[in-house]
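1. next comes the sequence, and after it the predicted model I'd like to discuss.
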Amino acid sequence: MSTDRVVRTFLDYFQQRGHRRITGSTLLPPPGDSVLFTTAGMHPLTPHLEGLPHPLGRRLVNVQRCLRTTDLDEVGDDTHLTVFEMLGTWSLGDYGSSRSLRWGHDLLVNGFGVDPGLLHATVFGGDERTEPDTESLRTWQELGVPVEPTVEENWWSNGPTGPCGPDSEIFVWTGDTPPRSTPTRDGRWVEVWNHVMMRHRRHEDGVLETLPQQSIDTGLGLERLVAVLQGKRSVFETDLFEPWMRTVPSLWHPDDESSLRLVCDHLRSAVVVIGDGVVPSSTGRGYVLRRLVRRVLTTLWRDDPSRTLGDLPEEPYAHTLDRFGQSGRPQGVREVLLDEERRFGRLVERGRRVLSRPRFAGPLGEDDFHYLHDTHGLPRDLVLALRADPR
């Protein structure tokens, strides 16, 4: 099942059940939102989850691109990405958790053909402030799906304040053996779909206020789902990454598979960020982009410093821009990356000269790292990379 077919199947299923499709926004959150990038499909809908009527009604569905910097250190495993797409559904004060979970189960099993014996769910087991989610627990038991109650793993919030509530996560078994154990005890259970019951608003003092409108917010990770449906070991083996995973190794030979995956993820993510109008800079969104590009270059230059990002063909750039519905030209994105590459190259040369000084010959302390960053603009990760490969 191709990625495009997965998306069409998802949208058709919920549109047939009265959901109106809303246009997924860019990675840039709406004005007034304090986050740098949209990290979840619910970001643009926060006012409506708190009770503001939506012009298209109470049942919504969309595809939203997201970026999460919190997962940067995990990129390179089988499932984590920096930029990804989230398939989302919302019930704004309409149906409840049981219907949402039953539809989710039906779509996975009868729409996507997932073996029901490979499913497992988790639900909120309750804590000192909030009752356990007995409705979701009972629903999974009626559907015959194994279910595991947890506490922290099944409470969703978008930050220290704002809408929050218990959630129920759906996992698919990806191991080579029959399913065993539970999602919290075996990493071969891969989470694909999260159903959040937006029942509360958390205030700055931590107090939970019951929302007058009880809503459902679900998010289904497209890349993870596609990997499961295509029978792939990781998201990097799907059609979404095929041009990157084919062209990058033809030019460079990263040290290991994890490094190759990091390069492909960060380049693909950089293309999407640039496609949404961000350029590299020393602060804010631009700094996130700069960090992505420089992590790529630090990894690639260990293998062959003579090659540049300009050696990459246009195909992966065009493939990614098309996947995310962005209107930018591949050549324009390439020029932004090449300009940042030139800037980084000059910084690396300056860094080599600075680190060759006698004062930096021995082990570096925190004062050294602060000095190198504040005085010479050399971040810690670059200093460590240059020390490991001083040339």
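-> Nice, I can see it. Worth saying up front: this structure is predicted, and the values here are computed from it rather than measured.

2. pLDDT weak spots in the stretch 251-391 of the chain?
-> Low-confidence segments of the stretch 251-391 of the chain (pLDDT under 70): 389-391.

3. which stretches of this structure form helices?
-> Listed in chain order, the helices of the chain (DSSP state H) span 3-15, 46-49, 97-106, 134-143, 222-229, 242-251, 257-275, 284-301, 314-323, 330-355, 366-376, 380-388.

4. what's the fourth one packed up against?
-> Judged by 3 or more Cβ pairs under 8 Å, 6 or more residues apart in numbering; DSSP states H and E, helix 134-143 is in contact with helix 97-106, strand 119-124, strand 147-150, strand 162-173. For the C-beta atoms, the positions are set from N, CA and C on the backbone; glycine is no exception.

5. can I get the third one in PDB, CA atoms only?
-> Translated: strand 147-150. Provided in PDB are the C-alpha atoms of strand 147-150 (Å, rounded to 0.1, in the frame of the first residue of the first chain):
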ATOM      1  CA  VAL A 147      -5.000  -3.700  27.000                       C
ATOM      2  CA  GLU A 148      -2.400  -2.400  29.500                       C
ATOM      3  CA  PRO A 149      -3.200   0.400  32.000                       C
ATOM      4  CA  THR A 150      -0.400   2.900  32.700                       C
END
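
6. what's that strand in contact with?
-> Residues outside strand 147-150 that contact it (Cβ atoms under 8 Å, 6 or more residues apart in numbering) are 120-126, 132, 137, 140-141, 182-184.

7. picking up where we left off before, the helices and strands packed on helix 134-143: which one's closest to residue 189?
-> Residue 189 lies closest to strand 162-173 among the helices and strands packed on helix 134-143, at 4.1 Å (Cβ to Cβ).

8. next, the angle from the closest one to helix 134-143.
-> Interaxial angle, strand 162-173 versus helix 134-143 (axes from the mean of the first three to the mean of the last three Cα atoms, to 10 degrees): 20 degrees.

9. listing partners with orientation, what would you give for strand 162-173?
-> The strands beside strand 162-173 in its sheet (DSSP bridges) come out as strand 119-124 (antiparallel), strand 155-157 (antiparallel), strand 189-202 (antiparallel).

10. winner for burial among those?
-> Ranked by mean neighbour count, those are led by strand 119-124 with a mean of 26 (mean count of other Cβ atoms under 10 Å).

11. now it: mean pLDDT?
-> Averaged across strand 119-124, pLDDT comes to 97.

12. follow-up on the earlier one: any idea which of the helices and strands packed on helix 134-143 is most buried?
-> Greatest average neighbour count among those goes to strand 119-124 (a mean of 26), per mean count of other Cβ under 10 Å.

13. other residues contacting that one?
-> With Cβ under 8 Å, 6+ apart as the test, strand 119-124 has contacts from 101, 105, 108-109, 130, 132-133, 136-137, 140, 145-151, 153-155, 166-173, 179, 182-184, 189.

14. let's see 7 Å
-> Around strand 119-124, the neighbours that count as contacts under Cβ atoms under 7 Å, 6 or more residues apart in numbering are 108, 132-133, 136-137, 140, 145-150, 153-155, 166-173, 179, 182-183, 189.

15. return the distance of that strand from the chain's centre.
-> In terms of Cα atoms, centre = their mean, to the nearest Å, the centre of strand 119-124 is found 21 Å from the chain centre.

16. tell me the angle that strand makes with helix 97-106.
-> 160 degrees.

17. can you show me the CA trace of strand 119-124 as CSV?
-> Output of strand 119-124 as CSV, limited to C-alpha atoms (Å, rounded to 0.1, in the frame of the first residue of the first chain):
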residue,chain,number,x,y,z
LEU,A,119,-2.8,-5.1,18.1
HIS,A,120,-2.3,-4.0,21.7
ALA,A,121,-3.7,-1.0,23.5
THR,A,122,-2.8,1.1,26.6
VAL,A,123,-5.1,3.2,28.7
PHE,A,124,-4.8,5.7,31.5
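
18. could the helices and strands packed on helix 134-143 be laid out in TSV, adding distance to residue 204?
-> Below are those laid out as TSV (distance: least, Cβ to Cβ, whole Å):
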stretch	distance to residue 204
helix 97-106	27
strand 119-124	23
strand 147-150	26
strand 162-173	10
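
19. closest to residue 366 out of the strands paired with strand 162-173?
-> When the strands paired with strand 162-173 are compared (using Cβ to Cβ), the closest one is strand 155-157, at 32.8 Å.

20. need the contact partners of the closest one.
-> With Cβ under 7 Å, 6+ apart as the test, strand 155-157 has contacts from 124, 164-167, 194, 196, 202.

21. ok, now with 6 Å
-> The contact list for strand 155-157 (Cβ atoms under 6 Å, 6 or more residues apart in numbering) reads 164, 166-167, 196.

22. now for the contacts of strand 147-150: which two are most distant?
-> Using Cβ to Cβ, the pair of the contacts of strand 147-150 lying farthest apart is 120 and 126, separated by 19.6 Å.

23. related to what we said a few turns ago, of all the helices and strands packed on helix 134-143, which lies closest to residue 261?
-> Each of the helices and strands packed on helix 134-143 has some distance to residue 261 by Cβ to Cβ; the shortest is strand 162-173, at 20.6 Å.

24. and the contacts of that closest one?
-> With contacts defined as Cβ under 6 Å, 6+ apart, strand 162-173 is touched by 49, 118, 120-124, 133, 136, 154-157, 179, 183, 189-202, 228.

25. cool, and stretch 244-251?
-> Under Cβ under 6 Å, 6+ apart, the answer for stretch 244-251 is 236, 263-264, 268, 307, 311, 313, 316.

26. related to what we said a few turns ago, any chance of the strands paired with strand 162-173 in a markdown table, plus distance to residue 214?
-> Listed next are the strands paired with strand 162-173 as a markdown table, based on distance: least, Cβ to Cβ, whole Å:
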| stretch | distance to residue 214 |
| --- | --- |
| strand 119-124 | 15 |
| strand 155-157 | 14 |
| strand 189-202 | 6 |
